[in-house]
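In: what follows is a predicted structure for the sequence shown.
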Amino acid sequence: MIRLLGNRNVIFILAIVLGLALPQPARWTVLAMMPALALVMTLATIHVPNSYFRHPRAILAPSLAGVAMTYGVLGSVILAASALFIRETSLWTGFLLIAAVPPAVAVIPFTVILKGDLSWTLSGTVASYLAALLIMPLMFLIWIGTAFADPYKLIRIMLLLIVLPLIVSRLILYWNWAGRIEPFRGLLTDWGFFIVLYSMIGVNRDLIFARPMMIAPAALVVLASTFGLGFVIEKAGVLLKKDPKRITSLVLLGTLKNQGIAGGLAIALFEKEAALPSAVYSVFMIVYVLWLDLRRRRTSSAPESHGGS
């Protein structure tokens with residue numbers, strides 16, 4: 001039982017099931033979303049060594065590629081698909097938030113699991129988070145404008161979720177605490193995501209059951225942004241004869257957004273319905289990464305099976 005509670009997939013599935021079956025505590029856990037996200041971001045950025053910032057030329061190409069995939073490609077597809085399928089204003093706002101946020105912090109461990117190019121993913125992710133400090137407010141100004149009542153609250157949240165975790169993670173590395181934290185880092189990260197995912201689904205549970213057809217257009221947008229776009233990026237990489245590991249990194253950077261930050265912003269700045277796209281994106285992200293891993297395992301075992309026959 002204890003081992004199951006330490007399994008990432010079990011934790012995520014548990015968050016979804018409890019959010020739908022037992023949503024009442026979500027009214028309190030939603031208050032813990034921002035601290036949980038700040039903790040997750042801090043633990044994730046521990047992987048970014050201080051030396052990363054000392055060699056800008058070496059990281060320029062993967063950094064630009066990461067920003068291009070996160071915002072130029074994935075952000076554009078999310079906005080275009082939303083314009084085609086979404087009619088509810090709250091859902092449109094939710095997808096705008098997803099388009100505006102940087103990549104999921106999970107792209108770094110997922111790159112390791114899927115045997116991608118870790119240095120490219122790391123550079124692309126860090127650059128995207130730094131770029132988000134400018135891109136997020138700019139996108140809000142362009143698409144929401146005066147309808148967005150409190151831009152200073154957005155800045156405070158960005159400081160909490162991006163700047164503060166970077167500073168705290170630098171202090172952890174400076175004080176050599178990373179080794180002490182490492183045995184618990186994965187578990188803390190997964191249960192931090194549990195709070196976020198459970199809260200997003202729990203506060204929208206009544207809406208999901210009352211208007212299930214709202215899920216259909218949201219699911220179409222997310223399907224196009226994950227499975228559909230991932231397929232296109234992979235095929236383009238093969239045609240351009242890119243390194244398979246690098247293709248894997250580009251697929252992850254080009255399909256996975258930080259739906260936790262998007263959902264947190266939705267609840268903090270708008271109505272709770274705006275968090276629904278982030279909840280749907282979370283579910284699809286889990287399924288998509290599991291599918292990528294299953295496909296990788298089958299592909300890697302195929303030559304061995306053929307050789308043994």
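Out: Looks like it arrived, so ask away.

In: and stretch 185-198, which residues are buried?
Out: Neighbour-count burial for stretch 185-198, counted by 16 or more other C-beta atoms under 10 Å, picks out 185, 189-198. Yep, even glycine has a C-beta here, placed from its N, CA and C like the rest.

In: my bad, stretch 239-248
Out: Those would be 245-248, for stretch 239-248 by 16+ other C-beta under 10 Å.

In: just the residues contacting it, thanks.
Out: Defining contact as C-beta atoms under 8 Å, 6 or more residues apart in numbering, one finds that stretch 239-248 is touched by 111, 114-117, 120, 233-234, 237-238, 250.

In: could you redo the last one with a cut-off of 6 Å?
Out: 114, 116-117, 120, 234, 237 (C-beta atoms under 6 Å, 6 or more residues apart in numbering).

In: now pLDDT and distance to residue 268 too, for the buried residues of stretch 239-248, in TSV please.
Out: Converted to TSV, these look like this (pLDDT from 0 to 100; distance: C-beta to C-beta, whole Å):
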residue	pLDDT	distance to residue 268
245	93	37
246	94	36
247	95	36
248	95	33
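
In: for the protein, which helix is longest?
Out: helix 276-308 (DSSP state H).

In: report the mean confidence score over that helix.
Out: Helix 276-308 comes out with an average pLDDT of 78.

In: what of stretch 195-209?
Out: 85.

In: first-to-last residue distance for that stretch?
Out: Terminal residues of stretch 195-209 are spaced 21 Å apart (C-alpha to C-alpha, to the nearest Å).

In: that older thread, of the buried residues of stretch 185-198, which belong to strands?
Out: With DSSP state E as the criterion, strands contain none of the buried residues of stretch 185-198.

In: now render those as a markdown table, adding distance to residue 142.
Out: Shown next, in a markdown table, are these (distance: C-beta to C-beta, whole Å):
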| residue | distance to residue 142 |
| --- | --- |
| 185 | 37 |
| 189 | 33 |
| 190 | 35 |
| 191 | 36 |
| 192 | 31 |
| 193 | 30 |
| 194 | 34 |
| 195 | 31 |
| 196 | 27 |
| 197 | 29 |
| 198 | 32 |
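
In: from those, pick the one nearest residue 256.
Out: residue 193 (12.8 Å; C-beta to C-beta).

In: that closest one and residue 44: what is the separation?
Out: Here residue 193 is placed at a distance of 11 Å from residue 44 (C-beta to C-beta, to the nearest Å).

In: got any ranges where the stretch 1-150 of the chain has weak pLDDT?
Out: Residues of the stretch 1-150 of the chain meeting the criterion pLDDT under 70: 1-2, 53, 145-150.

In: which parts of it are helices?
Out: 8-21, 26-29, 33-45, 56-67, 76-85, 89-100, 107-113, 118-143 (DSSP state H, counting those that start in this stretch).

In: list of residues touching the first one?
Out: When you say that, I think you mean helix 8-21. 4, 190, 194, 197-198, 201-202, 205, 286.

In: list the buried ones in that helix?
Out: Using 16+ other C-beta under 10 Å as the burial criterion, the residues of helix 8-21 that qualify are 8, 11-12, 14-16, 18-19.

In: residue contacts, residue 296?
Out: Counting by C-beta under 6 Å, 6+ apart, the residues that residue 296 touches are residue 114.

In: not counting its neighbours along the chain, what's nearest residue 88?
Out: Of all residues not flanking residue 88 in the chain, residue 214 sits nearest, at 6.6 Å (C-beta to C-beta, 6 or more residues apart in numbering).
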